[in-house]
Structures are given as C-alpha cells and as structure tokens.
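Undergrad: 3D, please:
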Amino acid sequence: MRTALQVEPGQPDDASGPAANDPEPAADRDAARAETRGRDAPAEPRRPFLVPLQSKLFFAFLPLGLALFALGRGGLVEWLVGTSPGAIAFFALVSSMLLGALLTYVVAGIARVPVLRRSALEIAHGDLSLPRETVRGRATLPDEIDELAGSLLTMRESLRELVGHIQRTSHSVADSASGLERSAEEVSASSDEIAVSIDRIAKGAGEQDRLVEDASRIISRIAAALERTASSAEDAARSVSETTRAAMGGGEAARLAGEKIHKVFARVEAASDQVFAFGDKTHEIGKVVLAMTQIAQATKLLAINAAIEAARAGDYGRGFAVVADEVRALAESSNRSAEQISQLAHDLDTRSSSVVFAMREGIGELEEGRAELAIILRALEEIGQAAQVGAEKVESISGAAREQRRGSEEMVRAIRDIQQVVRVNARSTEEVAGAIEEQNGAMSQMAASAQTLAQLSIELQTVVARFRLR
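TA: Below you'll find the predicted structure:
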C-alpha cells in the first residue's frame, strides 16, 4: 500500500527515511495498526473456496489430453477407419464445446486484469473515489484474479476511511494547536503582568524594609533618651528628698523674717503663673512634662533666691547655700531634660521667652530685698513644702518614665518583628518572581510546540490533500 502512495513524482518518500532503515519499529507500527483495525473493523466474511488459475487451465486441457491418450493407445488410424463419420463429428463437436467453455471461463478471468490495473493506478495516484469500472470476484470457483479484485476494493475502502480520518484529525489538530497557541500567549501575557506586579511588590518590600530600619533606629534612640530621662528623674527624686529634709531643718529660722518674704513669694507666684501658662501650651507632651517643668522652674527660682540670701547671711547661711546649690543643680538638670522633651511643640520658644522675662523681673525684685534674712528663712520653709510636693511629683515622673521605657522596649521588639516579616515577604516575593520567570519559559516552549504542531498539521493536510475521496 505504501508503494501505491509513492507513484506520483515529486512526492516525499516516507519509506526512504529513517523508518526504512529500522524495520522493527515499522513492524511494530504495522502490528499496532493491524491490531487497531482488528478491534475496530467488522469481522471479515468467510471467503469461498479458491481454485488456482493453473488448476483451471489443467482441468480445461485434461479432457483433450485424455482423448488424445486414448486415441494413441487404441490406434488413431484403426479408430478413425472403424468409426463412422457421424460419430467422429459428434465427438469433435463435444470436445470443442467443452474445451471452448473452459477456455472462455479462464480467459474471461484473465481479461479483467487491465481493469484491475487501471484501478490500481487510480489508487496509486491518490484517486480513492468510487471507480467507473468495478471488478468484483466471482462467487463460483474464484481464482487469484477474483481475490485480487476483492483485495483492491477492500484496500480502496480502507484507504478512503484512513485518509478521511487523517483529514479530520489534521483539522482537529490544527484547531487545537491554534487554540493552544492562543492560550499560551494569553497565559504568557498574564504572567508578564504578574511579573511586573511582583517586581513592584518586591521594590515596595525593599522600601518597607528600609523605612522599618529607620523607624527602628529612631525608636532605639527614643528608648535610650527615655532611659536617660528615667535615670535623671530618679536622681532628681533623691536630690529633692535630700532638699526636703534640709529645708525642713531650717523651718525654725523662717519665723525671723516673715514680713519681707511675702513680697518675694508674690513675685514667685507671678512667675508660677507664667510657668503654668507655659505648661498649658505644652499639654500635648503630657502631664509628666508639665509637672516636671513647673517644679524645675520653681525650684530653680527658689534656689537662686536662696543662694543670694545665703550669701548675704554669711556664715549663718553657709549650710543653706549648699542645699540651695544642690536644689539649683537639680533644677537645672530637670530643666534641661524638660527642654529636650518639650522641643516637640513649635510655640515653646515664645512661652520660654515670657517665662525668662518674668523670672528676670522676679530676680530684680528679689535683689531689692537682700538685706532681709527673714525672707530667705521664710523661703526655706516654703521650699521645704514645695520640695515635698516636688518629690512626690518627681517620683510620679520617674514611674511614668519607667513605664515609657518599657513601652519603648516593646515597641523596639515589635518593630524588629515587623522588619523580620517584611524581609520574609521580600524573599517570598523574589521566589514568586523566579517561579513566574520559569512559567514564562514553559509558556514560550509550549507556544513554540503549538506552532510546530500547527505546522505539522498543515503539512499533513497538504499531504492528504492529494487524495480525492469523492
């Protein structure tokens, strides 16, 4: 059958390819196709008893040979002399009719060979349509020519069915390859978009990591500042406690200068009002900063006044001057811490200026009353009371600072956890990007395979197009 498909010149010869040099795969393929046809095709009808052509010729000339043999044995001359002319004529007629009938039957079978040849040439040239001349096998006493005629009809029908199936399959393969190529292109386009989005996410993750790192450093600095503030608050609490004890020891001397100390405290109250106004403007920083600022300003003012009066008192005010210096140092330390924290508000400078101005006025007024020792002693009594209150407030500030320190530590841990999560997300994003790139490569290969499959289906359609089924 393969030979019949290679008659036309210019057509590719499949038998000359690699399959021709490898008989075992070709045999396996033929066996597989035969098995498939055996499963799908209906059962072949039983063929009639086959009488070979040489047997028919033998039986056709057998009577003539027997007659000649008999004549030779009995004597041809004696038989012809002793036989009447009518018997001889009858015998010759019967022998001629019998020999002619047998020869006619045999020659009629041989005469169908040109028709079979034309049918075979049509098949070889790809014409599988129904033939104009159909040669069918005879039902009685068939020979090889009859079997060849039936085989040609069966081969034509089988080739028609096979080529039709190949044409339908090639069209289906072409459609599937086209759909597969479109799907691969769509998936590749979607993968490209996803890859762009993943790249943006990766860049965003890197930016988040950088921002979280900056925030971690800032929070760490804030935590360190809070640690220093808490330590300073504890030191201030201890200093205020010592100041309170020293101030309470000088309470007896407060009765000696009662009159002039009222004027001093009038100025101190005015300064306190400015300090309170200053605290109202810094309310957003917290009650802790407010109390610390008030105590620091008041303590500083009183410490300055106490130092001035102690200097005027001479030896009697020397111990009090030491206490005043400690109180002033504590007030200055608290004031520096408060100023570092209170810089968060924009309008603190204006209020600070007014407080300083009020304090200067108070100092000017206090300089006029340096001669009065009673003022300093009364101030010590008030300082003792204020120091006691300040100690409580400083202790409260110290507790708040410790709470803030613990909160800052928790915040630092939370920021580090967030940074770890951001880095894990960044690594995951990079892995997803790599997977998207691999998928794009696979989609490109699938698209190339689909194009190859489409090209093969087109070539297959071109090959089977040479066969005419109708």
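Undergrad: going forward, measure contacts between C-alpha atoms and count neighbours the same way
TA: Fine.
Undergrad: which intervals of the stretch 101-250 of the chain have sub-threshold pLDDT?
TA: In the prediction, the stretch 101-250 of the chain carries residues with pLDDT under 70 at positions 101-112, 128-144, 188, 191, 205, 230, 233-234, 236-237, 240-241, 243-250.
Undergrad: Could you rerun that using 50?
TA: Within the stretch 101-250 of the chain, the set of residues satisfying pLDDT under 50 comprises 132, 137-139.
Undergrad: what packs against the helix ranked longest in the chain?
TA: Among the segments of the chain that qualify as a helix by DSSP state H, the longest is helix 144-249. Taking 3 or more Cα pairs under 8 Å, 6 or more residues apart in numbering; DSSP states H and E as contact, the helices and strands that helix 144-249 lies on are helix 85-111, helix 113-124, helix 318-342, helix 373-464.
Undergrad: Mean pLDDT lowest where, among those helices?
TA: Per-segment confidence across these bottoms out at helix 85-111, which has a mean of 62 in mean pLDDT.
Undergrad: where does residue 332 sit relative to residue 242, distance-wise?
TA: According to Cα to Cα, to the nearest Å, residue 332 stands 16 Å off from residue 242.
Undergrad: Could you do residue 170 as well?
TA: Using Cα to Cα, one gets 104 Å for the distance from residue 170 to residue 242.
Undergrad: now swap in residue 154 and tell me
TA: From residue 154 across to residue 242, the span is 125 Å (Cα to Cα).
Undergrad: Check residue 439 too.
TA: If you measure residue 439 against residue 242 using Cα to Cα, the figure is 76 Å.
Undergrad: Over to residue 408?
TA: Between residue 408 and residue 242 the computed distance is 31 Å (Cα to Cα).
Undergrad: still on that earlier bit, the more surrounded of residue 154 and residue 242?
TA: Using other Cα atoms under 10 Å as the criterion, residue 154 and residue 242 rank with residue 242 on top: 18 against 12.
Undergrad: Look up how far residue 415 lies from that one.
TA: Taking Cα to Cα as the measure, residue 242 and residue 415 are separated by 41 Å.
Undergrad: Same question for residue 217.
TA: With distances taken as Cα to Cα, residue 217 is found 10 Å from residue 415.
Undergrad: So which of the two has more stuff around it?
TA: Neighbour count, other Cα under 10 Å: between residue 217 and residue 415, residue 415 has more, with 18 against 14.
Undergrad: Find me whatever residue is spatially closest to that one, sequence neighbours aside.
TA: In space, and not counting its chain neighbours, residue 415 is closest to residue 216: 6.0 Å by Cα to Cα, 6 or more residues apart in numbering.
Undergrad: got the contact list for the one you found?
TA: 412, 415, 416 (Cα atoms under 8 Å, 6 or more residues apart in numbering).
Undergrad: If we use 10 Å, what do you get?
TA: For residue 216, the residues meeting the contact criterion (Cα atoms under 10 Å, 6 or more residues apart in numbering) are 210, 222, 411, 412, 413, 414, 415, 416, 418, 419.
Undergrad: Give me the buried entries from those residues.
TA: Burial of the contacts of residue 216 was assessed by neighbour count (16 or more other Cα atoms under 10 Å); the buried members are 222, 411, 412, 415, 416, 418, 419.
Undergrad: My guess is the fourth one contacts residue 219. True?
TA: The one in question is residue 415. Yes. The pair residue 415 / residue 219 is scored as a contact, 8.6 Å apart, by Cα atoms under 10 Å.
Undergrad: list residues touching both of these two?
TA: Residues within reach of residue 415 and of residue 219 at once, by Cα under 10 Å, 6+ apart, are 213, 409.
Undergrad: With distance to residue 145 added, can I get the contacts of residue 216 in TSV?
TA: Formatted as TSV, the contacts of residue 216 follow (distance: Cα to Cα, whole Å):
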residue	distance to residue 145
210	93
222	110
411	103
412	102
413	100
414	98
415	97
416	96
418	92
419	92
